[in-house]
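In: Provided below are the primary sequence and the corresponding predicted coordinates.
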Protein chains: 2
Amino acid sequence: MARILVLTEAELRRAVGLGEDELAAIEAVFPLISKRAGSMPPIMRIDVPEHHGEIDIKSAYLPGYAGIAVKVSAGFFDNPRRGLPSLGGLMIGLDSETGMPTSALFDNGFLTDLRTGLAGAVAAKHLARSDAAVAAVFGAGMQARMQLEALTLVRPIERAVVWARRPDGAAHFANTLATRLGIPVEAVEEGAEAAARADVLLTTTPAASPVVNRAMLHPGLHITAVGSDAETKQELDVDVIESADVFVCDSVSQSGRLGELRAALESGFDAGRAVELGQVIDGTVPGRVRDSDMTVCDLTGTGAQDTAIASLAVERCVGLGIGTAIDT
Amino acid sequence: MARILVLTEAELRRAVGLGEDELAAIEAVFPLISKRAGSMPPIMRIDVPEHHGEIDIKSAYLPGYAGIAVKVSAGFFDNPRRGLPSLGGLMIGLDSETGMPTSALFDNGFLTDLRTGLAGAVAAKHLARSDAAVAAVFGAGMQARMQLEALTLVRPIERAVVWARRPDGAAHFANTLATRLGIPVEAVEEGAEAAARADVLLTTTPAASPVVNRAMLHPGLHITAVGSDAETKQELDVDVIESADVFVCDSVSQSGRLGELRAALESGFDAGRAVELGQVIDGTVPGRVRDSDMTVCDLTGTGAQDTAIASLAVERCVGLGIGTAIDT
């Protein structure tokens, strides 16, 4: 009845990565989110408390896109004891004109990592000082790597500093990224030290209480926070958001529920001050006005990004003749 | 990273159907729904207005089940013009202990049809008179066929009467089902005539205004309504629900939002009178007490049924060596 293109992680890694076209594909979705073009329902969540797991489903229909991705992400926190990664996932592609399934992307979360990294680059492109040369990274996991590497697509990053809860993790990150990016990357013991040196601060931790406070701020700093995606998480002290010259997020409704905006609103932050990244991109609302401005962007991750990256990945795989076709 | 069993509609049709084990698998989930065991979030819906389409996502984690199904259903109502069916879908199976994907069931909606038919049989098993011999069916589509055939698993059905908006559809249904089931099946021109003769009335229409009214009722009748799954649909007049000795549904929250309970609540029906099928099955609340009782069951379709039927289908396919394994 339908022909499905089945793609594996290895195949998808051959097709897409941290490149200019991928960046443009992700950049294009934020104005659609802000204009409420198409349809992006709230995240669907299935809790599996017996196994310390949760499944999140994101999706979006975007007008003009041939496909709709349904993304299933799993976070099962007993997995490392079994020698398995905590995070995984897959995407299903549907034809946006007929609803018929067209592709199954068994990416093990790779496309999510990629589109999240690219969203960070989009935020920095529109909010960080154009001469930003020093990046600080909080956290030393997959998303720390993605964020730092993606940032180099849009800013002339000359050096980086990393802080993580586990010093050995930070040291390993510093070695790996220095080699990979060809720039000095230093691990430091205090977050404040890393932040003090930074033009751009990337926070990528699963922190339940703030790892960035007001004392760490300085004029000209841009912060992108990607860690919080649940009611229980918070990376930025509310003071940080209050102090920002502009507070930007991917989706006000999602950030207000699961992201950094949640705690801020609870503390009385004026919701009218929250700007969406799409509004900055399309010029509806100014982002950074002065080099000395302090800007903050919270990214919770959207189904629109999933539809965009899946669309590009499938298009590339079809063009390259990659994948296995199955007739259903 | 993971091994996925990919199954097509043809393969799934070889593995599962309207059988006793399938019936037992579906019967088992309703008490879990009513006990709020596991996790079954509200349906996620993505509207695609430009193409008269919508995508619904259902899922449930059920304790003790090895798998969790994520079911994607598509309804795109311009499809017939393209020679494609309006309804389609697929399911993804995840390991409930690790969240890793384990299977992709490209069933084109077959498993949804099946589990919906079986749920109707479960409702009749617990609510219809034990000597019910005559079935009436409203509607002549796939679910009309499924409901009637599934009913014969649980009640000694000797004859059936069908009414549909299109007389030729009803006539075709009558011929097909008479042959298939080996019983007389008659098409009639008035719904009231069909209902008058019935011990069990199965409504399977996409009606936006009621096709069953109070005048059609008689003592001893059981009605199962499976048509309404949206705020815009209603098969039963509110008087029908008010008149019932017991009103049962698969999920009070879902029926109250998308099913027959919605209009009833709006008209002042006492929510406390709505019983869940699982409560009847596990004996918490009585169903039919007297042969003369008039019983009604509204089925909106739940993610729990999807997890149950997908689990059984995958187990059968693995046992039979059916399907294609893909390493991701």
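Out: All right, it came through fine. Numbering: from 1, shown residues only, chains lettered A, B, ... in the order given.
In: and residue A:72, helix, strand or coil?
Out: Residue A:72 falls in the strand class when you classify it by DSSP: H, G, I helix; E, B strand; the rest coil.
In: so what pairs up with it in the strands?
Out: residue A:57, residue A:90 (DSSP bridges).
In: what about it, how many neighbours?
Out: Neighbourhood size, residue A:72 [other CB atoms under 10 Å in any protein chain shown]: 26. C-beta coordinates here come from the backbone N, C-alpha and C atoms, glycine included.
In: and what of residue A:256?
Out: By other CB under 10 Å, 20 other residues sit near residue A:256.
In: might one say that it is in contact with residue A:266?
Out: No. Between residue A:256 and residue A:266 there is no contact under CB atoms under 8 Å: 9.7 Å.
In: for the nearest residue to residue A:40 once chain neighbours are set aside, give me its contacts.
Out: With CB to CB, 6 or more residues apart in numbering or on different chains as the criterion, residue A:40 has its nearest non-adjacent residue at 3.9 Å, and that residue is residue A:60. Residues near residue A:60 by CB atoms under 8 Å, 6 or more residues apart in numbering or on different chains: A:38, A:39, A:40, A:68, A:69, A:302, A:303, A:304, A:306, A:307, B:46.
In: A strand includes residue A:60, no?
Out: Yes. Residue A:60: assigned to a strand according to three-state DSSP.
In: distance of it from residue A:304?
Out: According to CB to CB, to the nearest Å, residue A:60 and residue A:304 sit 4 Å apart.
In: mind listing the shared neighbours of the two?
Out: Residues within reach of residue A:60 and of residue A:304 at once, by CB under 8 Å, 6+ apart, are A:38, A:40.
In: which secondary structure elements does the helix or strand hosting residue A:248 contact?
Out: Per DSSP states H and E: residue A:248 is located in strand A:246-249. If you count contacts as 3 or more CB pairs under 8 Å, 6 or more residues apart in numbering or on different chains; DSSP states H and E, strand A:246-249 packs onto helix A:110-127, helix A:260-266, strand A:274-276, helix A:277-281, strand A:295-298.
In: need the winner for burial among these.
Out: Highest mean neighbour count among the helices and strands packed on strand A:246-249 (mean count of other CB atoms under 10 Å in any protein chain shown): strand A:295-298, with a mean of 28.
In: okay, now the sheet partners of it, with direction.
Out: The strands beside strand A:295-298 in its sheet (DSSP bridges) come out as strand A:222-225 (parallel), strand A:246-249 (parallel).
In: which parts of the stretch 51-200 of chain A are helices?
Out: Taking DSSP state H, counting those that start in this stretch as the criterion, the stretch 51-200 of chain A contains helices spanning A:110-127, A:142-151, A:167-181, A:191-197.
In: wait, which of the ones you listed is closest to chain B?
Out: helix A:110-127 (9.8 Å; CB to the nearest CB).
In: tell me the angle that closest one makes with helix A:142-151.
Out: Relative orientation of helix A:110-127 and helix A:142-151, computed by axes from the mean of the first three to the mean of the last three CA atoms, to 10 degrees: 50 degrees.
In: helix A:110-127 near chain B anywhere?
Out: No. Figure legend: helix A:110-127 not in contact with chain B (CB under 8 Å from any CB of the partner chain); closest approach 9.8 Å.
In: what about that helix, average pLDDT?
Out: Regarding helix A:110-127, the rounded mean pLDDT is 98.
In: pull up the distance across stretch A:80-94, start to finish.
Out: 32 Å (CA to CA, to the nearest Å).
In: chain center to it: distance?
Out: Taking CA atoms, centre = their mean, to the nearest Å, one finds the center of stretch A:80-94 at 17 Å from the center of the full chain.
In: buried residues in that stretch?
Out: Of the residues in stretch A:80-94, A:84, A:85, A:86, A:87, A:88, A:89, A:90, A:91, A:92, A:93, A:94 count as buried by neighbour count, 16 or more other CB atoms under 10 Å in any protein chain shown.
In: about what we covered before: mind checking pLDDT for the residue nearest to residue A:40?
Out: pLDDT for residue A:60: 98.
In: how near is it to residue A:303?
Out: To residue A:303, residue A:60 is 4 Å away according to CB to CB.
In: find residues that contact each of the two.
Out: Residues touching both residue A:60 and residue A:303 (CB under 8 Å, 6+ apart) are A:40, A:69.
In: am I right that residue A:269 is in a helix?
Out: No. Using three-state DSSP, the assignment for residue A:269 is coil, not a helix.
In: test my guess that it contacts residue A:239.
Out: No. At 10.2 Å, residue A:269 does not count as touching residue A:239 under the criterion of CB under 8 Å.
In: when those two are compared, which one has more neighbours?
Out: More crowded of residue A:269 and residue A:239, by other CB under 10 Å: residue A:269, with 19 against 16.
In: can you pull the contacts of the more buried one?
Out: Counting by CB under 8 Å, 6+ apart, residue A:269 touches A:238, A:241, A:242, A:247, A:261.
In: contacts for the helix or strand harbouring the second one?
Out: Under the criterion DSSP H and E, the helix or strand holding residue A:241 is helix A:238-243. Contact with helix A:238-243 is made by A:210, A:212-214, A:216-217, A:223, A:247, A:260-261, A:263-264, A:267, A:269, A:294, A:296, as judged by CB under 8 Å, 6+ apart.
In: and which of the residues you listed is nearest to residue B:230?
Out: Nearest to residue B:230 among the contacts of helix A:238-243, counting by CB to CB, is residue A:261 at 32.2 Å.
In: grab the nearest non-local neighbour of the closest one.
Out: Leaving aside its chain neighbours, residue A:261 sits nearest to residue A:255 (3.9 Å; criterion: CB to CB, 6+ apart).
In: look up phi and psi at that neighbour.
Out: With angles defined as degrees, to the nearest 10, residue A:255 sits at phi -70, psi -30.
In: looking at it now. What's its pLDDT?
Out: For residue A:255, the model assigns a pLDDT of 97.
In: phi, psi for the closest residue to residue A:238 other than its chain neighbours please.
Out: Nearest non-adjacent residue to residue A:238, counting by CB to CB, 6+ apart: residue A:267, 4.4 Å away. Here is the backbone geometry of residue A:267 (degrees, to the nearest 10): phi -90, psi 10.
In: the one 3 residues further on now?
Out: Here the main-chain torsion angles of residue A:270 (degrees, to the nearest 10) amount to phi -70, psi 120.
In: tally of neighbours for it?
Out: Neighbours of residue A:270 (other CB under 10 Å): 10.
In: so for it, what's the pLDDT?
Out: Residue A:270 is assigned 95 on the pLDDT scale.
In: can you pull the pLDDT of residue A:328?
Out: pLDDT for residue A:328: 86.
In: show me what contacts the closest residue to it other than its chain neighbours?
Out: Nearest non-adjacent residue to residue A:328, counting by CB to CB, 6+ apart: residue B:106, 3.6 Å away. Counting by CB under 8 Å, 6+ apart, residue B:106 makes contact with A:2, A:4, A:101, A:326, A:328, B:6, B:7, B:8, B:9, B:90.
In: just residue A:219 next, same as before
Out: Contacts of residue A:219 were listed using CB under 8 Å, 6+ apart, and they are A:292, A:293, A:294.
In: run the last query once more with 6 Å
Out: Taking CB atoms under 6 Å, 6 or more residues apart in numbering or on different chains as the criterion, residue A:219 is in contact with residue A:292.
In: what do you get for residue A:200?
Out: Applying CB under 6 Å, 6+ apart to residue A:200 gives the contacts A:124, A:128, A:132, A:135, A:222.
In: can you list contacts of the lowest-mean-pLDDT helix or strand in chain A?
Out: Within chain A, no helix or strand scores below strand A:324-327, which has a mean of 93 by mean pLDDT, DSSP states H and E. By CB under 6 Å, 6+ apart, the list of residues contacting strand A:324-327 from outside reads A:3, A:4, A:5, A:6, B:6.
In: show me which of those residues are buried.
Out: A:4, A:5, A:6, B:6.
In: chain B contacts on the stretch 101-250 of chain A?
Out: Residues of the stretch 101-250 of chain A lying close to chain B by CB under 6 Å from any CB of the partner chain are A:101, A:104, A:106, A:108.
In: looking at those, which is nearest chain B?
Out: Distances from chain B to these, taken by CB to the nearest CB, are shortest for residue A:106, at 3.6 Å.
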